[in-house]
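Q: Need a 3D model of the following:
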Amino acid sequence: MKEKATGFVSGVVRICIQGENKERFVNLCRSSDIYIWDIRDSSDYSLCVSVEDFFRLKPIIKKTAVKTKIQEKYGLPFLIHQYRKRKMFVAGILTSFVIIYVLSLFIWDMQVDGNYSYSDYEILKFLQENSITPGIKKSKLNCDEIEKEIRNHYFDITWVSVEMTGTRLIVHIKENEEELRKEGETDEPKPTEGVEYDIVAIKDAIVTNIITRSGTPAVKADLEVKAGDTLVYGRYDVVNDSSEVVRTQYLAADADIYGKVVYQYEYNLPLNYTKKEYNKSKNRFSLRIGNKIYRLTDNKEEEETDIITEEKQLSLYGDFYLPVFLMKSTYKSYEEKEYIYSEEQAVKLCEEKLSYFLEKLEKNTIQIVENNVTIEVNNDMCQSKGTITVIENIGQLRAVENEPITEITEETGESYE
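A: Sure, this is the predicted structure:
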């Protein structure tokens, strides 16, 4: 491999040796410090020698009385000689190699892998704020420092790996999956250690079930509560044998409180609607280099035309990306036409909209117990209107307020009705 690389630069000649003193010829070459390689032994010897050493073989050939025949010549000197009358062509090739080498010293593409809660745009914007953008020189990048900065800024990212492949910078991240799962389950604020919390109602509801693990319940089943009412106090009173309060112990309340909640639902669908009818489409191409766009075809916009643009970054091979983007713009001309839904179509669309809303409720672990939504078509409007009764968790944490605990009695129950 080394001989091929150095030989291409200096030029290589493969010769065939014929005669009875072939072995002596090889020995004399080695004793004369003439480097030969890739010796192929058949009826005649075939070997490689550099152009410089080839002209030193004359006295050895005369001394050994062998015959030599050139079989092959290759390398940069022969290439230049071959194209000696095409200087601009050779200069263009050399210039291309120089440009490719210079481009390989920079980062032209940046990607993020493994992100879930953070978008690619957010991570790349953070890198941009730290002066890490496409076009930055590779020698200025310290992957370990980039990893450290990302971990310090995003506390829920548990693992970061930054690598450079070709002219691409890839940021591999791994987020705290347990935290993501918990955040997806509920929007309830997380309790802070050492702080006492009550549980309050977040919606108007009728309590259907309450399971208290810690704290003092303030309501019971079948009581009506308003948003903001306390459901479970984040404390309990320690009493003596005479039922006198000795002290109050504060803590973070923990309970599951489910209540019956009524949602008002309304959706109006006009029977008259406008739809775009596409006639024809044209593809037009442009090149983007940095922030400058060079049109390859006529990109004249027409009235009532939708434009869909796709962009692809060019690369020489593999991960060797260039700071050049090919843009494909599809121009679709259209006409707006007026249509009218039939009664059956309008009712079906309203039913699909209602089903989608109910599915969203069920995905949030909400139990639907009653659906009183009706769909009617009046004049030029299809209207869905009514109530949906569900059972859901209505409790939310709130910092404890130092107030006396209200004893749960029948009178207390009446105050919630």
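
Q: pLDDT averaged over stretch 90-105 - what is it?
A: The average pLDDT within stretch 90-105 is 86.

Q: got it, and stretch 319-337?
A: Averaging pLDDT residue by residue across stretch 319-337 gives 87.

Q: Please identify the buried residues of it?
A: In terms of neighbour count (16 or more other Cβ atoms under 10 Å), stretch 319-337 has its buried residues at Phe320, Tyr321, Leu322, Pro323, Val324, Phe325, Met327, Ser329, Tyr331, Ser333. The C-beta positions use only the backbone N, C-alpha and C, and glycine is treated the same way.

Q: How far does that stretch sit from its chain's centre?
A: 21 Å (Cα atoms, centre = their mean, to the nearest Å).

Q: Ok, stretch 147-164 next?
A: 15 Å.

Q: And stretch 287-305, by the same measure?
A: On Cα atoms, centre = their mean, the centre of stretch 287-305 falls 27 Å from the chain's centre.

Q: what do you get for stretch 124-140?
A: Worked out by Cα atoms, centre = their mean, stretch 124-140 lies 17 Å from the chain centre.

Q: hey, where'd the helices end up in the stretch 301-417 of the chain?
A: Here the stretch 301-417 of the chain has its helices, by DSSP state H, counting those that start in this stretch, at 343-363, 410-415.

Q: With the chain instead?
A: All helices of the chain, identified by DSSP state H, fall at 2-10, 22-31, 51-54, 58-64, 76-82, 87-103, 120-129, 143-153, 177-185, 343-363, 410-415.

Q: To Ile289, which of the ones you listed lies closest?
A: The closest of the helices of the chain to Ile289 is helix 87-103. By Cβ to Cβ, the value is 12.1 Å.

Q: in that closest one, what counts as buried?
A: Leu103.

Q: Over to stretch 148-163?
A: So, applying 16+ other Cβ under 10 Å, buried residues of stretch 148-163: Glu149, Ile150, Tyr154, Ile157, Val160, Val162.

Q: Sketch out the low-pLDDT regions of the stretch 301-417 of the chain for me.
A: 301-303, 401-417 (pLDDT under 70).

Q: And the strands in it, which stretches?
A: Here the stretch 301-417 of the chain has its strands, by DSSP state E, counting those that start in this stretch, at 305-315, 321-340, 367-371, 374-378, 381-393, 395-399.

Q: which helices and strands sit right next to the longest one?
A: Under the contact definition 3 or more Cβ pairs under 8 Å, 6 or more residues apart in numbering; DSSP states H and E, strand 321-340 sits against strand 272-289, strand 305-315.

Q: Adding mean neighbour count and distance to Tyr250, write those out as a markdown table.
A: Shown next, in a markdown table, are the helices and strands packed on strand 321-340 (neighbours: other Cβ atoms under 10 Å; distance: least, Cβ to Cβ, whole Å):
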| stretch | mean neighbour count | distance to Tyr250 |
| --- | --- | --- |
| strand 272-289 | 12 | 59 |
| strand 305-315 | 13 | 59 |
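
Q: so can I have a markdown table of these showing distance to Asp254?
A: Output for the helices and strands packed on strand 321-340, formatted as a markdown table (distance: least, Cβ to Cβ, whole Å):
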| stretch | distance to Asp254 |
| --- | --- |
| strand 272-289 | 51 |
| strand 305-315 | 52 |
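
Q: Of all those strands, which one is nearest Lys348?
A: Lys348 lies closest to strand 272-289 among the helices and strands packed on strand 321-340, at 14.3 Å (Cβ to Cβ).

Q: what are the pairing partners of the closest one, and which direction each?
A: Applying DSSP bridges to the sheet, strand 272-289 is found paired with strand 292-295 (antiparallel), strand 321-340 (antiparallel).

Q: Report the angle between the longest one and strand 305-315.
A: For strand 321-340 and strand 305-315, the angle between their directions (axes from the mean of the first three to the mean of the last three Cα atoms, to 10 degrees) works out to 160 degrees.

Q: Send over strand 321-340 as CSV, restricted to the C-alpha atoms.
A: The C-alpha trace of strand 321-340 is given here as CSV (Å, rounded to 0.1, in the frame of the first residue of the first chain):
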residue,chain,number,x,y,z
TYR,A,321,-21.6,17.0,2.9
LEU,A,322,-21.2,20.2,0.9
PRO,A,323,-22.5,23.7,1.8
VAL,A,324,-24.7,23.4,-1.3
PHE,A,325,-28.5,22.6,-1.2
LEU,A,326,-30.6,21.6,-4.2
MET,A,327,-34.1,23.1,-3.9
LYS,A,328,-37.1,21.7,-5.7
SER,A,329,-40.2,23.9,-5.8
THR,A,330,-43.4,22.4,-7.0
TYR,A,331,-45.9,25.1,-8.2
LYS,A,332,-49.5,23.9,-8.1
SER,A,333,-52.1,26.2,-9.7
TYR,A,334,-55.7,25.8,-8.5
GLU,A,335,-59.2,27.2,-8.6
GLU,A,336,-61.4,27.7,-5.6
LYS,A,337,-64.8,26.1,-6.1
GLU,A,338,-67.9,26.3,-3.9
TYR,A,339,-69.5,23.0,-2.6
ILE,A,340,-72.3,22.1,-0.3
